[in-house]
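[1] Build me a model:
(one chain, ligands or ions: 1)
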Amino acid sequence: MYCNYCGKSIQDDANVCAYCGTRVGGVIARKRLVRPREGRKIAGVCLGMGEYFDLDVTLVRVVWLITAFMTGVGFLGYIIAWIVMPEEPYLLAAQVPAGGQQHVANP
Ligand SMILES: [Zn+2]
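    Numbers count the residues shown, from 1 in each chain. Sure, this is the predicted structure:
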């Protein structure tokens, strides 16, 4: 497979591009419905849905908000999805050099 950021050929099972360090295609998020840790606005529900269904996250948010205001079910649905959807597992191990400081760590 190819990195869709730099276009170089990389291992088929790679999560992160060895050349540019870009997370490749959200491999884990596409296999399972999870809430990504990066790029989320509230709980990452819309972002996770967007990655899972390969949709633009903005579109997912717009549709979800319209549904929420029109029916009132969206808010409840969001909270249920928040509870039900697991958080994305940490992918930082491959990116952070041994002994390096994790960027999520609070000083
Ligand atoms: Zn790359």
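[2] Next, work out how far apart the nearest residue to Asp12 once chain neighbours are set aside and the ion are.
    Spatial nearest neighbour of Asp12, excluding adjacent residues (CB to CB, 6 or more residues apart in numbering): Met1 at 5.3 Å. (Glycine included, C-beta is placed from N, CA and C.) Counting by CB to the ion, to the nearest Å, the gap from Met1 to the ion is 11 Å.
[3] Same check on Arg35?
    Arg35 sits at a distance of 25 Å from the ion (criterion: CB to the ion).
[4] Measure how buried that residue is and give me the count.
    Neighbourhood size, Arg35 [other CB atoms under 10 Å]: 22.
[5] do the same with the one 5 residues further on
    Arg40 has 16 neighbouring residues, counting by other CB under 10 Å.
[6] Quick check: it touching Glu51?
    No - Arg40 lies out of contact with Glu51 (CB atoms under 8 Å); the separation is 11.0 Å.
[7] Show me the beta-bridge partners of Arg23.
    Taking DSSP bridges as the rule, Arg23 bridges to Val16.
[8] I'd guessed Thr67 sits against Tyr78; true?
    No - contact between Thr67 and Tyr78 fails when scored by CB under 8 Å: they sit 9.8 Å apart.
[9] Show me which of the two is the more surrounded one.
    Taking other CB under 10 Å, Thr67 and Tyr78 do not tie; Tyr78 has more neighbours (18 against 15).
[10] From Gly44, how far out is the residue nearest the centre of the chain?
    With distances taken as CA atoms, centre = their mean, Pro36 lies nearest the centre of the chain, 3.2 Å away. Look at Pro36 and Gly44: by CB to CB, to the nearest Å, they are 5 Å apart.
[11] mind listing what the closest residue to Cys3 other than its chain neighbours touches?
    Using CB to CB, 6+ apart and skipping residues adjacent in sequence, the residue nearest Cys3 is Cys17, 4.0 Å away. By CB atoms under 8 Å, 6 or more residues apart in numbering, the contact list for Cys17 reads 3, 5-6, 8, 10, 23-24.
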